[in-house]
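> Curious how this folds, go ahead:
(one chain, ligands or ions: 2)
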Amino acid sequence: MTKILLADPDPRTQADLRALLTDRGFELDAAADVQQALEPVADGDVDLVLCDLALPGGGGLRLLQEVRALRAETAVVLLSAFGSVQDAVQAMQHGAADFLGKPFAPDQVLVAVDRALEKTALQRENHALRDALDDRLRLDNLVGSDPRMQAIFKTVKAVADTRTTVLVTGESGTGKTVLARALHALSGRRNGPFVEVNCGALPESLLESELFGHVKGAFTGAVRDKAGKFEAAQGGTIFLDEIGTSSPAFQIKLLRVVQDRLVERVGDTRTLPVDVRIVLATNRDLEAAVAAGEFREDLFYRINVVTVEMPPLRARSSDVPALAQHFLRRFAAEHGRPPLRFTDAAMAALVAAPWPGNVRQLENVIERAVVLGSGATIDLPDLPALLPGRTAGAPVPSGAAPGPVLPLRDALAEAERQAIQRALQHCAGNREHAARALGVNRSTLFHKLRKYGIH
Ligand SMILES: Nc1ncnc2c1ncn2[C@@H]1O[C@H](COP(=O)(O)OP(=O)(O)O)[C@@H](O)[C@H]1O
Ligand SMILES: [Mg+2]
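Ligands and ions are numbered 1, 2, ... in the order given. You can find the predicted model right below:
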């Protein structure tokens with residue numbers, strides 16, 4: 001049953017409202033002051049609060065603020081016998097669902113109550129929808145609603161629980177490592193080890209003993225038997241990063257494990273079966289490497305069973321707002337900052353940036369802004385990496401480059417206009433989608449379309 005809390009010190013009002021609302025099938029509770037009202041609200045027992053502006057213990061506005069902070073989904077309707085327009089405006093600004101001047105007609109109260117309850121029901125439904133949507137747009141720690149990312153999530157889910165070898169390609173910072181981890185986390189091997197080896201970081205001789213282990217005396221310095229990473233990954237997943245640059249000799253050894261799941265410690269004659277899922281990653285175009293004779297063709301065919309191509313961030317800028325919000329929330333929490341938000345200009349610049357370092361660069365830019373920023377918003381000056389000419393070695397956003405030097409206001413407006421046009425292009429002219437991609441609401445976008453004369 002819907003519960004309404006009456007927080008009004010006036011016995012007449014109390015009696016009138018109680019009669020009116022119980023008659024309508026609502027359950028009623030009463031509170032004489034702010035403190036008393038907060039208890040049932042905190043317990044989540046109350047759907048709606050009817051509260052007098054002059055409530056003892058701090059006043060109705062104070063109760064409204066506390067309710068908003070405590071349970072934003074509980075609606076508050078303020079009542080007042082001496083209410084001014086100013087009071088009403090202030091109440092609405094603080095999130096009141098409605099404001100009624102006393103004396104009020106019964107119908108007025110009923111309409112206000114119904115409307116407030118309808119709104120909260122809608123809000124609840126929206127939250128539920130958004131949560132469901134969030135789930136669909138995420139995979140483990142990966143955010144991505146771009147169709148290509150969605151296709152990748154689908155592939156990952158389909159193969160996670162098999163032992164199929166997976167090859168992940170893509171530029172640096174596109175999420176190859178997180179994807180490998182997601183694959184492991186979603187597989188039946190999730191309780192087994194996840195072992196990561198950067199094959200590009202070790203000289204060949206070391207790499208071999210690192211992966212396959214060695215026996216005592218196999219080479220100078222091998223003073224005892226040592227298990228390799230493949231053995232360490234038994235029952236789990238081994239992630240071989242940067243395999244594109246490995247030597248021919250190493251590739252032969254790799255072929256053997258991928259093919260037969262057998263490893264041989266360096267200097268040993270025995271072979272050891274390993275039960276591991278192998279995930280490999282490279283930022284090289286392996287097909288081209290094969291053509292150039294730098295990568296074994298037989299190995300390529302062995303590992304090219306399921307290939308996941310991570311798109312560069314600039315090719316999926318519609319994901320930038322969600323990623324940016326994701327990192328903003330995470331870093332604000334990590335660095336103990338209150339919830340922060342981006343200004344429209346900052347978000348437009350984030351969406352328009354070329355991101356040569358992909359998601360990793362976006363993540364760094366936002367962490368820096370959170371750490372160094374001081375206000376409640378992240379604005380353009382908090383994102384110096386995005387200002388033209390400051391992006392290390394990267395092409396600046398098209399159009400922002402050479403051109404004339406404009407007053408900052410005009411330059412920002414121009415960047416905003418371009419970001420909007422890009423978003424519209426990206427979303428095939430769908431304004432709703434474009435607004436979402438830009439992280440602004442529809443009316444903001446419409447306003448800006450008019451401002452910039454974009455049709
Ligand atoms: N789709 C994504 N959603 C959320 N975070 C991501 C995503 N892709 C990458 N990241 C983050 O960006 C950074 C770089 O990702 P990483 O997997 O290390 O890239 P790569 O291995 O391709 O160089 C990591 O901190 C990772 O958490
Ligand atoms: Mg990586």
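> number of nearby residues for residue 284?
Close neighbours of residue 284, defined as other Cβ atoms under 10 Å, add up to 15. To be clear about C-beta, it is placed using only N, CA and C from the backbone, and glycine gets the same treatment.
> can you tell if whichever strand or helix holds residue 279 touches ligand 2?
Element membership for residue 279 (DSSP states H and E) is strand 277-282. No. Contact of strand 277-282 with ligand 2 (Cβ under 5 Å from the ion) is absent, the minimum separation being 6.3 Å.
> correct me, but residue 34 touches residue 65?
No. Using Cβ atoms under 8 Å, residue 34 is not in contact with residue 65, being 10.1 Å away.
> Between these two, point out the one with more neighbours.
Per other Cβ under 10 Å, whichever of residue 34 and residue 65 has more neighbours is residue 34, with 20 against 15.
> Leaving out chain neighbours, which residue sits closest to that one?
residue 57 (3.7 Å; Cβ to Cβ, 6 or more residues apart in numbering).
> For my notes, confirm the one you found occurs in a strand.
No. Per DSSP: H, G, I helix; E, B strand; the rest coil, residue 57 lies outside any strand segment and is coil.
> State the distance from it to ligand 2.
57 Å (Cβ to the ion, to the nearest Å).
> so that residue sits right up against residue 33, yeah?
Yes. If you go by Cβ under 8 Å, residue 57 and residue 33 touch, sitting 3.4 Å apart.
> For stretch 80-99, measure first residue to last.
8 Å (Cα to Cα, to the nearest Å).
> can you list contacts of it?
10, 48, 52-54, 60-61, 64-65, 68, 72, 75-79, 100-103, 112, 115-116, 119-120 (Cβ atoms under 8 Å, 6 or more residues apart in numbering).
> how about whichever residue of the chain sits closest to ligand 1, what does it touch?
Nearest residue of the chain to ligand 1, counting by Cβ to the nearest ligand atom: residue 175, 2.7 Å away. Contacts here follow Cβ under 8 Å, 6+ apart; on that basis residue 175 touches 142, 310, 358, 359.
> for residue 375, phi and psi?
Torsion angles at residue 375 (phi, psi; degrees, to the nearest 10) stand at phi -80, psi -170.
> wouldn't residue 369 be in contact with residue 382 here?
Yes. In terms of Cβ under 8 Å, residue 369 counts as a neighbour of residue 382; the distance is 4.1 Å.
> Compare these two and say which one has the larger neighbour count.
The residue with more neighbours, out of residue 369 and residue 382, is residue 369; 25 against 22, by other Cβ under 10 Å.
> how about the nearest residue to residue 160, chain neighbours excluded?
residue 186 is the one closest to residue 160 (Cβ to Cβ, 6+ apart), at 3.8 Å.
> for residue 18, same thing?
Per Cβ to Cβ, 6+ apart, closest to residue 18 is residue 28, 5.3 Å.
> And residue 189, by the same measure?
residue 236 (5.1 Å).
> Start and end of stretch 39-50, how far apart?
End residues of stretch 39-50 are separated by 15 Å (Cα to Cα).
> So for it, what gets flagged as buried?
40, 41, 46, 47, 48, 49, 50 (16 or more other Cβ atoms under 10 Å).
> again with stretch 413-427
Buried, per 16+ other Cβ under 10 Å, within stretch 413-427: 413, 415-424, 426-427.
> do the same with stretch 203-213
207, 208, 209, 210, 211, 212, 213.
> Mind giving me the PyMOL command for buried ones among the contacts of stretch 80-99?
Those of the contacts of stretch 80-99 that count as buried under 16+ other Cβ under 10 Å are selected in PyMOL with:
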select buried, resi 48+52+53+60+61+64+75+76+77+78+79+100+101+112+116+120
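> Out of the contacts of stretch 80-99, name the ones that lie in strands.
48, 52, 75, 76, 77, 78, 79, 100, 101 (DSSP state E).
> And the helices in the stretch 151-300 of the chain, which stretches?
For the stretch 151-300 of the chain, the helices defined by DSSP state H, counting those that start in this stretch cover 176-185, 204-212, 229-232, 248-260, 286-291, 297-303.
> contacting residues for the residue of the chain found nearest ligand 2?
Closest to ligand 2 within the chain is residue 177: 3.4 Å, counting by Cβ to the ion. Listed by Cβ under 8 Å, 6+ apart, the contact set of residue 177 reads 196, 239, 241, 281.
> Include distance to ligand 2 and pLDDT when you put the ones in strands among the contacts of stretch 80-99 into JSON lines, please.
Below are these laid out as JSON lines (distance: Cβ to the ion, whole Å; pLDDT from 0 to 100):
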{"residue": "48", "distance to ligand 2": "51", "pLDDT": "95"}
{"residue": "52", "distance to ligand 2": "60", "pLDDT": "94"}
{"residue": "75", "distance to ligand 2": "48", "pLDDT": "92"}
{"residue": "76", "distance to ligand 2": "49", "pLDDT": "94"}
{"residue": "77", "distance to ligand 2": "54", "pLDDT": "95"}
{"residue": "78", "distance to ligand 2": "54", "pLDDT": "93"}
{"residue": "79", "distance to ligand 2": "59", "pLDDT": "93"}
{"residue": "100", "distance to ligand 2": "59", "pLDDT": "91"}
{"residue": "101", "distance to ligand 2": "63", "pLDDT": "89"}
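> pretty sure residue 442 contacts residue 431?
Yes. Using Cβ under 8 Å, residue 442 makes contact with residue 431 at a distance of 6.8 Å.
> Of these two, give the one with the bigger neighbour count.
residue 431 (16 against 12).
> Please look at the more buried one and residue 446 and confirm they touch.
Yes. Counting by Cβ under 8 Å, residue 446 is a contact partner of residue 431 at 7.3 Å.
> shaky segments in this structure?
By pLDDT under 70, the low-scoring segments of the chain are 128-138, 388-407, 409-410.
> Contact residues of it facing ligand 1?
141-144, 170, 172-178, 323, 326, 359-360, 363 (Cβ under 6 Å from any ligand atom).
> Going through those residues, which ones are buried?
For the residues of the chain next to ligand 1, buried by 16+ other Cβ under 10 Å: 142-144, 170, 173-178, 323, 326, 359-360, 363.
> Report the separation between the residue nearest the centre of the chain and residue 378.
Residue closest to the average C-alpha location in the chain (Cα atoms, centre = their mean): residue 326, at 3.0 Å. Relative to residue 378, residue 326 is positioned 14 Å away (Cβ to Cβ, to the nearest Å).
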